[in-house]
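Participant: For reference, the sequence and a predicted model appear below.
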Amino acid sequence: MRRYDLALIGFGGVNRALAELIAERGDELADELGFALRVVAITDLRAGSLVDVEGIDLAPLLATGPGELAFAGMEGGNADPRNEWVIREVPADIVAEATFTNPADGEPAVSHVRWALEAGKHVCTTNKGPVALRGRELKELAVRHGVSIEFEGAVLSGTPVLRTAERLLSGLRITGVEGIMNGTSNFILGRVEDGADFEAAVKEAQDLGYAEADPTADVEGHDVQLKVMILANEVLGADLRPEDVFREGISGITAEDIKDAVDKGLRWKLVGSATRRSDGGVDARVAPMALPADHPLAGIAGPLNAVAFRTDLLGTVTVSGPGAGRIETAYALLSDIIAIHQRHANDAAASSGHVVEEALHG
Ligand SMILES: NC(=O)C1=CN([C@@H]2O[C@H](COP(=O)(O)OP(=O)(O)OC[C@H]3O[C@@H](n4cnc5c(N)ncnc54)[C@H](OP(=O)(O)O)[C@@H]3O)[C@@H](O)[C@H]2O)C=CC1
Ligand SMILES: N[C@@H](CC=O)C(=O)O
């Protein structure tokens, strides 16, 4: 059976949940998917790095609390993350990048992804920085090195928004996207509507694993700005920079605003959108909106999110599901690995078909 060796870069909520999935359901997944997964390297800012090319025993790591994990002193362990060395030199097939999203320049994740692709390794990532800010360059790099970069989790966690657009909406002209694209801010707005304090709701979202390492990115709309850029670039063929996307977050909305809106039959939501103009350009923005209760996005509650695609032949097609969550986002990485397997298994079949063809016809 085909096996993929993984290097996990960043061992926080998402990559830990991926390790849990592999440890707990690896055999079942292998039976179902036709390939096995093995972790051969882990790096993390606090824990350091751990390498075992025969496969890391995940159980003891997962039994240790996230704040207590230290790889130094373990066989193959080091106090230093040694990201560049691990990514370039350890023989892994796929690098799973899940360090923090940096909305300013995408680093250090951009470098992590670049090193992996240059080393001929596939990448799956949930990190929005590299995809939104350097997506075009990194995709070209992947093509040059004959490998894949997959990033379903960069928009709406494990909910298949990007793959739906790419695979299931092909043949349609998509003229715009609009949606609720941040689980944390949607959760906070709902909790404040229920009477909770804003700061307490932020803390709850952090504890539940929804929020960014710095939740300002959620509350001030930077996270949705990156997601709108990814959708506009991937689905509408744009090439947007952050300065092209108007951004306003939810920090200016008070509990009173929320209560007043409810009294008027409205509900505050942080809405991101990108719309193709008649001159071919794309207008994109992120801003809070008080939506009428019967608006299709008004009922999207808690960490649930939704993206609506406006199309020429089908009208509006909406995909809704979890927008955040550790396990939900780990599933996005698994779905990326499945996509890598499908693409390259097909490549292998195509090239072996080519060999057969040459043998038959000279
Ligand atoms: N959680 C979610 O619901 C979703 C998350 N994402 C994205 O997925 C990524 C991971 O999210 P999540 O796991 O929740 O975040 P966490 O903050 O829980 O985990 C990130 C981990 O990466 C580590 N790290 C930071 N910098 C480095 C570095 N240079 N080298 C090695 N490790 C590093 C952090 O260490 P330390 O803690 O010491 O800084 C932390 O352990 C983020 O980019 C996020 O935006 C995307 C969709 C949904
Ligand atoms: N912090 C983000 C996580 C997913 O991208 C969110 O809350 O949506």
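Facilitator: Happy to help now that I have it. Quick caveat: nothing in here was measured; it's all calculated off a predicted structure. Ligands and ions are numbered 1, 2, ... in the order given.

Participant: Please make it C-alpha for all contacts and neighbour counts, starting now.
Facilitator: Fine.

Participant: Count residues in the vicinity of the closest residue in space to G129 that isn't next to it in sequence, would you?
Facilitator: Excluding the flanking residues, the one nearest G129 by CA to CA, 6 or more residues apart in numbering is G106, at 4.0 Å. By the criterion of other CA atoms under 10 Å, G106 has 19 neighbours.

Participant: for G106, helix, strand, or coil?
Facilitator: Three-state assignment for G106 (DSSP: H, G, I helix; E, B strand; the rest coil): coil.

Participant: Kindly provide the distance from it to ligand 2.
Facilitator: 14 Å (CA to the nearest ligand atom, to the nearest Å).

Participant: go on, V110?
Facilitator: Per CA to the nearest ligand atom, V110 is found 17 Å from ligand 2.

Participant: Please identify which helix or strand holds the nearest residue to that residue once chain neighbours are set aside.
Facilitator: Nearest non-adjacent residue to V110, counting by CA to CA, 6+ apart: P130, 4.8 Å away. P130 is part of helix 128-144 when elements are defined by DSSP states H and E.

Participant: what comes up buried for that helix?
Facilitator: By neighbour count on 16 or more other CA atoms under 10 Å, the buried set for helix 128-144 is 128-135, 138-139, 141-142.

Participant: Would you mind measuring from the nearest residue to F100 once chain neighbours are set aside to ligand 2?
Facilitator: Leaving aside its sequence neighbours, F100 sits nearest to A213 (CA to CA, 6+ apart; 6.4 Å). Remark: distance between A213 and ligand 2 (CA to the nearest ligand atom) = 8 Å.

Participant: From here on, call the first residue 41.
Facilitator: That works, and once the first residue is 41, the last one we named lands at A253.

Participant: what about A253, neighbour count?
Facilitator: 15.

Participant: A370 now?
Facilitator: 27.

Participant: Repeat that for the one 4 residues further on.
Facilitator: For L374, the neighbour count with other CA under 10 Å is 22.

Participant: Quickly find the element holding it.
Facilitator: Per DSSP H and E: helix 366-401 holds L374.

Participant: contacting residues around the residue nearest to V150?
Facilitator: Contact analysis of P170 by CA atoms under 8 Å, 6 or more residues apart in numbering lists 146-147, 149-150, 153, 178.

Participant: Helix, strand, or coil at whichever residue of the stretch 241-390 of the chain sits closest to ligand 2?
Facilitator: Using CA to the nearest ligand atom, the single residue of the stretch 241-390 of the chain nearest to ligand 2 is A251, 3.9 Å away. Recorded secondary structure, A251: coil (three-state DSSP).

Participant: Could I get the average pLDDT for the helix holding L374?
Facilitator: When pLDDT is averaged along helix 366-401, the result is 76.

Participant: Please apply the same query to stretch 323-331.
Facilitator: For stretch 323-331, mean pLDDT rounds to 98.

Participant: now check it, is it near ligand 2?
Facilitator: No. Applying CA under 6 Å from any ligand atom, one finds stretch 323-331 separated from ligand 2 by no less than 13.5 Å.

Participant: Give me every residue in this structure lying close to ligand 2.
Facilitator: Residues of the chain lying near ligand 2 (CA under 6 Å from any ligand atom): 197, 222-224, 250-252, 258, 363-364.

Participant: can you pick the most crowded of the residues you listed?
Facilitator: Counting neighbours by other CA under 10 Å, the top entry in the residues of the chain next to ligand 2 is N222, with 33 neighbours.

Participant: so what's that residue scoring on pLDDT?
Facilitator: For N222, the model assigns a pLDDT of 98.

Participant: Next, the contact list for it, please.
Facilitator: N222 neighbours (CA under 8 Å, 6+ apart): 196, 258, 263-264, 310, 343, 345, 363-364.

Participant: Can you list which of those residues are found in helices?
Facilitator: 258, 263-264 (DSSP state H).

Participant: Give me the contact status of the helix or strand following the helix holding P170 with ligand 1.
Facilitator: Heading C-terminal from helix 168-184, the first helix or strand you meet, by DSSP H and E, is strand 189-190. No. Under the criterion of CA under 6 Å from any ligand atom, ligand 1 is not reached by strand 189-190; the shortest gap measures 12.9 Å.

Participant: hmm, who's touching strand 189-190?
Facilitator: 162-165, 178-179, 182, 376-377, 379-380.

Participant: Verify the stated contact: L248 with I367.
Facilitator: No. With contact defined as CA atoms under 8 Å, L248 does not count as touching I367 (10.8 Å).

Participant: more crowded one of those two?
Facilitator: I367 (20 against 15).

Participant: avg pLDDT for whichever helix or strand A301 is part of?
Facilitator: In this assignment (DSSP H and E), A301 forms part of helix 295-303. In this model, helix 295-303 carries a mean pLDDT of 97.
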